[in-house]
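Q: only the shape, not the letters, is given here:
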C-alpha cells in the first residue's frame, strides 16, 4: 500500500515539474498548434539558455582545459556510408504492432516478461529458471522467427491493453532521406554523433602531428527512431 502511495506521489511530483517547465516555456511540444507528435520538443528561451550554458561549460572543460579537438559534421550522409559502417544491418530491429499507433520492440517485450517472471514468480522450478536465464543471455542473437515463437509460446500480450501482438517484423531505426535535387541519391540522417570522428580519423590524426593519444569530441544532434513507448498525440 505504501509503495503504491509513494509511486502516486512521485508521479504527481513529476507532472508538477513537467507542467511548470512547459508553462514557463523551458520546452514546447513541437508543432503544438498542429497537435504535434509525442516525443518531439522545441526549446523555449529559458530552456535554450540552459542548454547553451551546459555546452559552454562542457567546451570550457574538454576543449580549453583538456585540449581536445572538436569537430562538426553534416547531419545526413550517403547510403553507401551506412552500408560500409554496417549501420543498415545494426539499425534493423524487430517490431511488433499492438494496436493502432502503438508499437514496441519484440526483444524489449520478451526481456521484460522474462525479468518479471524471475523476480515475481516464486513458483518457477529450476528448469524453467534456467530456460528463462538462457533466453536473456541469447536475446540479442534471436532471429525474428525465434522471437515470435517465444512470444507466442509464453502468451505475451501488449503491456497496457493486453491486446494480441502481431508477428515481429524488421524496422530500420534510421531516418531515410534523399540527397540532391534529383532525389536519386539515397541517404540517411546521422544515427550517432561519433560518425564524423570515425570517418575523418585519418585526417584528424594527421592534424595532430601523427601522434597519439588523439582526443576528439563532437556535440551534435543524432536522428534515430527510438520510440518504443512514444505514440502520436
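A: That came in fine, so what should we check first? This structure is a prediction, so every number in the text was calculated from the model and none was measured. Residues are numbered from 1 along each chain as shown.
Q: report the distance from stretch 152-159 to the chain centre.
A: 23 Å (CA atoms, centre = their mean, to the nearest Å).
Q: average pLDDT across stretch 40-59?
A: What stretch 40-59 shows for mean pLDDT is 94.
Q: give me the buried positions along it.
A: Within stretch 40-59, the residues scored as buried using 16 or more other CB atoms under 10 Å are 41, 47. Placement of C-beta: from N, CA and C, glycine included.
Q: ok, now stretch 11-22?
A: Per 16+ other CB under 10 Å, stretch 11-22 contains these buried residues: residue 22.
Q: tell me how far that stretch is from the chain's mean position?
A: For stretch 11-22 - counting by CA atoms, centre = their mean - the centre lies 23 Å from the chain centre.
Q: pLDDT on that stretch, on average?
A: 92.
Q: likewise stretch 220-233?
A: On average, stretch 220-233 scores 58.
Q: quick one: the helices in the protein?
A: For the chain, the helices defined by DSSP state H occupy 2-23, 45-59, 79-84, 87-90, 106-120, 126-138, 144-154, 195-199, 201-207.
Q: so which of these comes closest to residue 173?
A: Set against residue 173 and scored by CB to CB, the helices of the chain come closest in helix 87-90, at 8.8 Å.
Q: quick one: mean pLDDT for the closest one?
A: 41.
Q: might one say that residue 176 is in contact with residue 187?
A: Yes: with contact defined as CB atoms under 8 Å, residue 176 counts as touching residue 187 (7.5 Å).
Q: which one's more surrounded, the two?
A: residue 187 (20 against 12; other CB atoms under 10 Å).
Q: distance of that one relative to residue 175?
A: Distance check for residue 187 against residue 175: by CB to CB, to the nearest Å, it reads 10 Å.
Q: shared neighbours of those two, which are they?
A: Shared contacts of residue 187 and residue 175 (CB atoms under 8 Å, 6 or more residues apart in numbering): none.
Q: mind checking which helix or strand of the chain has the lowest mean pLDDT?
A: helix 87-90 (a mean of 41; mean pLDDT, DSSP states H and E).
Q: still on that earlier bit, any chance of a markdown table for the helices of the chain, columns distance to residue 66?
A: Shown next, in a markdown table, are the helices of the chain (distance: least, CB to CB, whole Å):
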| stretch | distance to residue 66 |
| --- | --- |
| helix 2-23 | 32 |
| helix 45-59 | 10 |
| helix 79-84 | 29 |
| helix 87-90 | 29 |
| helix 106-120 | 37 |
| helix 126-138 | 38 |
| helix 144-154 | 43 |
| helix 195-199 | 16 |
| helix 201-207 | 16 |
